[in-house]
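J.: Quick one: sequence plus predicted model below, questions after.
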Amino acid sequence: MPLIKLTSIICECPEETDKDEIYLKFQGQKIWPGDKKFIKIDSDEELPIGLKTKVTKLGWMTIELWEYDLTTSNDHLGDFHLDIESELPGTNTTILSRNKEGAERASYMLNWEIL
């Protein structure tokens with residue numbers, strides 16, 4: 001089975017007027033950042049992720065993008081859908097499928113690779 005590396009996330013447009021406080025989840029569990037609640041990101045910024053995971057089956061893998069809120073519930077901005085259809089190595093970029101209930105303008109890209 002292939003080894004996947006989430007390399008970086010790029011913010012084209014944050015959901016909030018100032019920086020977004022983002023984190024990633026996979027199968028309901030927070031996976032990034034590991035040592036903080038969130039990381040701040042603004043327009044045209046790219047943050048390294050560097051997270052590796054072994055994929056147990058081929059097909060679609062969904063990574064959720066969340067925005068942390070201190071006083072209200074956190075916002076599910078949308079999902080990155082990774083198509084793990086083969087074990088061939090290569091780099092990929094996936095565009096955020098925005099969650100219309102949790103995001104009005106958020107625009108993000110996730111860079112990842114099959115190792």
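T.: Nice, thanks for sending it over.

J.: contacts, neighbours, all on C-alpha from now
T.: Will do.

J.: Do I have it right that residue 50 meets residue 5?
T.: Yes - judged on C-alpha atoms under 8 Å, residue 50 makes contact with residue 5 at a distance of 6.5 Å.

J.: Give me the more crowded residue out of the two.
T.: Applying other C-alpha atoms under 10 Å to residue 50 and residue 5 shows that residue 5 carries more neighbours, namely 18 against 12.

J.: Could you pull out the buried residues of whichever strand or helix holds that one?
T.: Using DSSP states H and E, residue 5 sits in strand 3-13. For strand 3-13, burial by neighbour count (16 or more other C-alpha atoms under 10 Å) applies to 4-13.

J.: Out of those, flag the one nearest to residue 42.
T.: For the buried residues of strand 3-13, the closest approach to residue 42 (C-alpha to C-alpha) belongs to residue 11, at 6.2 Å.

J.: Setting the sequence-adjacent residues aside, check what's closest to the closest one.
T.: residue 108 (4.6 Å; C-alpha to C-alpha, 6 or more residues apart in numbering).

J.: helices or strands next to the one helix or strand residue 47 maps to in the packing?
T.: Assessed by DSSP H and E, residue 47 sits inside strand 45-54. On a contact count with 3 or more C-alpha pairs under 8 Å, 6 or more residues apart in numbering; DSSP states H and E, strand 45-54 meets strand 3-13.

J.: Thanks again, I'm all set now.
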